[in-house]
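Colleague: Take this sequence and fold it.
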Amino acid sequence: MELFYEDPYLKEIDTKVLEINNNYIVFERTIIYPGGGGQPSDSGYFIGDGFKARILNAKRENGKILHKYQILDGNISDHGKLILDWERRYILMKMHTGEHILYRSIENLFPVKFQKVELGENESSLFINGNISIDDISRAEDLANSIIEKNLPLKFYYGKIDSIDDGIRIRKDRIKEENVRIVEIENFDKSACTGIHVKSTGEIGLIFVRSIRKSDFFEIKFLVGGIAKKFVLENARIMRKLYLNHGIEQSKIEEKVSNALITNEKLKKDLFEISSNMFAFESVEKNGKKLYYSDFPYADIKGVERKARKMLENENATIIYGNENENKIFIISSSNIDKEMLKELMEKYDLKGGGQGNYFMISIKKEYFKKIFNEIVEKFS
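Modeller: Presented below is the predicted three-dimensional model:
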């Protein structure tokens, strides 16, 4: 019997063991949700007279819910108390209901299409087809939080898949059952969903979008409840420090940061150009082949590399450059580099790196940088 649908707020129950096979238990009754609809499986404990077991997760298979377990003490008997990891379940319930509200808020305002959701205990991700800006997200966020503040009730019922109307969000291509579970937020949203939800929207407290990112789909990372409040409060404190320590008014922060980023990008480009055209190395000559080297830290490493490649177009040489700020050393040569020599050095100091032909890059911890750089230069001198 699946009690997580009858009462998702049950935290523990007495139950009997029907089967134990290959580290999985089947119970007569369970409050452990096996996962689905983007919501992870529950976890918990099974405790009885003389034994204690951890329920790691659960899955639905061949009409049964299999509970993966780990013995902590004693041997499992045929009955005991099943205890839910309630705090974890409750945040996932709020995350799932929050996703329904957030997606419908976005869809009501902009032409988007739901793709999938990945729910987590600390943050969740909503994936959509469509393009929206951070200002669009703010509008949808305001609408979502207004629905939360209204404390609307949720209803749960089943319907035949062939008779489901267009107002219900559903992925019919992914549903095999004839009867579909519908989750309804009063006068706002109807969605086909197998997940576990709160009773009313007010329980969520707050929903806040932490970030947006465009890849194959548009990914919206969001937070709910106390996690969202903590995140918002921490950012508000950062804003306050900017105002008090630097005299930047809140209304000017976005403009100031934008200008600073533009200036920073220009400086990075200027540094690249200076490094690739004007950078100077120290040099020594051995057997008619020059060695150029430098560990000057205030240069753009890509710019110095471009400078080095230009130099090798006209002469037979090896060039070594190390940047302590980036913890990297590159070696580039007009002929193939002796990688066995470098391999010995890397094993000696447990370094990471690699390269092919006449190029090699090594990552070095800051505290060993000078020592290893000098040793590399000595080996090539």
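
Colleague: can you pull out the helices in the stretch 251-381 of the chain?
Modeller: Ranges of helices in the stretch 251-381 of the chain, per DSSP state H, counting those that start in this stretch, are 301-312, 339-349, 369-380.

Colleague: Verify the contact between residue 12 and residue 85 for me.
Modeller: No: using CB atoms under 8 Å, residue 12 is not in contact with residue 85, being 10.8 Å away. Where C-beta positions appear, they are placed from N, C-alpha and C, glycine not excepted.

Colleague: so where's the stretch 51-200 of the chain uncertain?
Modeller: For the stretch 51-200 of the chain, residues meeting the criterion pLDDT under 70 lie at 162-163, 165-166, 171-177.

Colleague: If we use 90, what do you get?
Modeller: Scanning the stretch 51-200 of the chain for pLDDT under 90 picks out the ranges 62-63, 130-134, 158-181, 191-192.

Colleague: between residue 12 and residue 85, which one's more packed in?
Modeller: Counted by other CB atoms under 10 Å, residue 12 and residue 85 do not tie: residue 85 has more neighbours, with 17 against 14.

Colleague: how close does that one get to residue 46?
Modeller: Distance of residue 85 to residue 46, given as CB to CB, to the nearest Å: 12 Å.

Colleague: Residue 62 too?
Modeller: 21 Å.

Colleague: Who has more neighbours out of the two?
Modeller: The residue with more neighbours, out of residue 62 and residue 46, is residue 46; 24 against 5, by other CB under 10 Å.

Colleague: wouldn't the more buried one be in contact with residue 68 here?
Modeller: No: at 11.2 Å, residue 46 does not count as touching residue 68 under the criterion of CB under 8 Å.

Colleague: What are the phi and psi values at residue 123?
Modeller: Dihedral angles phi and psi of residue 123 (degrees, to the nearest 10) take the values phi -150, psi 160.

Colleague: I'd guessed it sits against residue 211; true?
Modeller: No: Residue 123 is beyond contact range of residue 211, at 9.0 Å (criterion: CB under 8 Å).

Colleague: one step back: shared neighbours, residue 46 and residue 68?
Modeller: residue 55 (CB atoms under 8 Å, 6 or more residues apart in numbering).

Colleague: still on that earlier bit, and the helices of the stretch 251-381 of the chain, which one is worst for confidence?
Modeller: Mean pLDDT across the helices of the stretch 251-381 of the chain is lowest at helix 339-349; the value there is a mean of 84.

Colleague: Going by neighbour count, list what's buried in that one.
Modeller: 339, 342, 345, 346 (16 or more other CB atoms under 10 Å).

Colleague: Now render those as a markdown table, adding distance to residue 149.
Modeller: As requested, the buried residues of helix 339-349 are exported to a markdown table (distance: CB to CB, whole Å):
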| residue | distance to residue 149 |
| --- | --- |
| 339 | 64 |
| 342 | 63 |
| 345 | 63 |
| 346 | 59 |
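
Colleague: Output stretch 322-341 as PDB, nothing but the C-alphas.
Modeller: Backbone C-alpha positions of stretch 322-341 (Å, rounded to 0.1, in the frame of the first residue of the first chain) are rendered in PDB as follows:
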ATOM      1  CA  GLY A 322      55.800  30.500 -16.000                       C
ATOM      2  CA  ASN A 323      52.900  32.500 -14.500                       C
ATOM      3  CA  GLU A 324      52.700  32.200 -10.700                       C
ATOM      4  CA  ASN A 325      49.300  33.900 -10.600                       C
ATOM      5  CA  GLU A 326      47.900  31.100 -12.800                       C
ATOM      6  CA  ASN A 327      50.100  28.400 -11.400                       C
ATOM      7  CA  LYS A 328      51.100  27.300 -14.900                       C
ATOM      8  CA  ILE A 329      54.300  26.800 -16.900                       C
ATOM      9  CA  PHE A 330      54.400  26.200 -20.600                       C
ATOM     10  CA  ILE A 331      57.300  25.000 -22.700                       C
ATOM     11  CA  ILE A 332      57.300  25.400 -26.400                       C
ATOM     12  CA  SER A 333      60.200  24.500 -28.700                       C
ATOM     13  CA  SER A 334      61.200  24.500 -32.400                       C
ATOM     14  CA  SER A 335      61.700  20.700 -32.000                       C
ATOM     15  CA  ASN A 336      60.100  17.900 -30.100                       C
ATOM     16  CA  ILE A 337      60.300  18.300 -26.300                       C
ATOM     17  CA  ASP A 338      62.000  15.500 -24.200                       C
ATOM     18  CA  LYS A 339      58.800  14.500 -22.300                       C
ATOM     19  CA  GLU A 340      60.600  11.700 -20.400                       C
ATOM     20  CA  MET A 341      62.600  14.300 -18.600                       C
END
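
Colleague: residues making contact with that stretch?
Modeller: 294-295, 297-299, 301, 304-305, 308-309, 312, 315-321, 342, 355, 357-366, 369-370, 372-373, 376, 379-380.

Colleague: Give me the buried subset of those.
Modeller: 294-295, 299, 301, 304-305, 308, 312, 317-321, 342, 359-360, 362, 364, 369, 372-373, 376, 380.

Colleague: Give me the neighbour count for residue 218.
Modeller: Residue 218 has 19 neighbouring residues, counting by other CB under 10 Å.

Colleague: With residue 24 instead?
Modeller: 16.
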